[in-house]
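> need the 3D shape of this:
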Amino acid sequence: MILFNTTQEQRVIDWNKKHNGLKYDLSLEIRMLQEEAREYWMADTLPERIQEYCDFLFVWCGMRVKYLADREPLSTVSKRTRMNEFAQVREWIDDELFGIGENIRLQVRKYCGPQIHKILEESMDAVITANEAKIPSNQTEDGKTKKGPFYESPLPVIERILENYMEKERD
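Just a heads-up that it's a prediction; the model follows:
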């Protein structure tokens, strides 16, 4: 399991089914993951970093599901090539996820102690909910779903989650 609970993973699977029919496009997935990693390392505040970490997990979970669900017939050579490409990307993802994950865990523990899992789980819910507000037909030419008029940033929710747990730590 990539996310914090199976309900979250199912929500991401459902989102990807609705938005792109689980169509696997390696180059798009790589671009989106690179964008999320870059946004994480560029984030200025802890709530922003938590949001970007959850965004990275959202994209990675979707990529993995789309890769496993892709039933397009391929020749043996194509299957082998695709598996090798996925393995190389997965190696980068694992490294990036380890670095981001360790970084965010250290920061959250510093302010909120042992509640890290609950904070990240609730923050992931906020990110998934924000993504669920995106309209499937509102996509870029390469297939990435844009935010659109109903999207609301999960950042204020994540800020409140952190504040609540920080208050509990002070008590």
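> following whatever helix or strand residue 101 lives in in sequence, what is the next regular element?
Of the helices and strands defined by DSSP states H and E, residue 101 is found in helix 76-112. Counting by DSSP H and E, the next helix or strand C-terminal to helix 76-112 is helix 116-132.
> for that following helix, enumerate the helices and strands it packs against.
helix 6-20, helix 46-69, helix 76-112, helix 155-170 (3 or more Cβ pairs under 8 Å, 6 or more residues apart in numbering; DSSP states H and E). From N, CA and C alone the C-beta is placed, and that goes for glycine too.
> contacts for the first one next, please.
Yep, that's helix 6-20 we're talking about. 1-3, 22, 58, 61-62, 65-66, 121, 124-125, 128, 131-132, 134, 136, 139, 143, 145 (Cβ atoms under 8 Å, 6 or more residues apart in numbering).
> quick check: mean pLDDT of it?
The average pLDDT within helix 6-20 is 93.
> now swap in the last one and tell me
Averaged over helix 155-170, pLDDT sits at 90.
> what's the angle between it and helix 116-132?
Relative orientation of helix 155-170 versus helix 116-132 (axes from the mean of the first three to the mean of the last three Cα atoms, to 10 degrees): 170 degrees.
> and helix 155-170, C-alpha only, in PDB?
Provided in PDB are the C-alpha atoms of helix 155-170 (Å, rounded to 0.1, in the frame of the first residue of the first chain):
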ATOM      1  CA  LEU A 155      -3.400  24.000   1.900                       C
ATOM      2  CA  PRO A 156      -5.800  25.700   4.400                       C
ATOM      3  CA  VAL A 157      -7.100  22.300   5.500                       C
ATOM      4  CA  ILE A 158      -3.500  21.000   6.000                       C
ATOM      5  CA  GLU A 159      -2.600  24.200   7.900                       C
ATOM      6  CA  ARG A 160      -5.600  23.600  10.300                       C
ATOM      7  CA  ILE A 161      -4.600  19.900  10.700                       C
ATOM      8  CA  LEU A 162      -1.100  20.900  11.700                       C
ATOM      9  CA  GLU A 163      -2.300  23.600  14.100                       C
ATOM     10  CA  ASN A 164      -4.700  21.200  15.800                       C
ATOM     11  CA  TYR A 165      -1.900  18.600  16.400                       C
ATOM     12  CA  MET A 166       0.600  21.300  17.400                       C
ATOM     13  CA  GLU A 167      -1.900  22.500  20.000                       C
ATOM     14  CA  LYS A 168      -2.400  18.900  21.300                       C
ATOM     15  CA  GLU A 169       1.400  18.600  21.700                       C
ATOM     16  CA  ARG A 170       1.500  21.800  23.700                       C
END
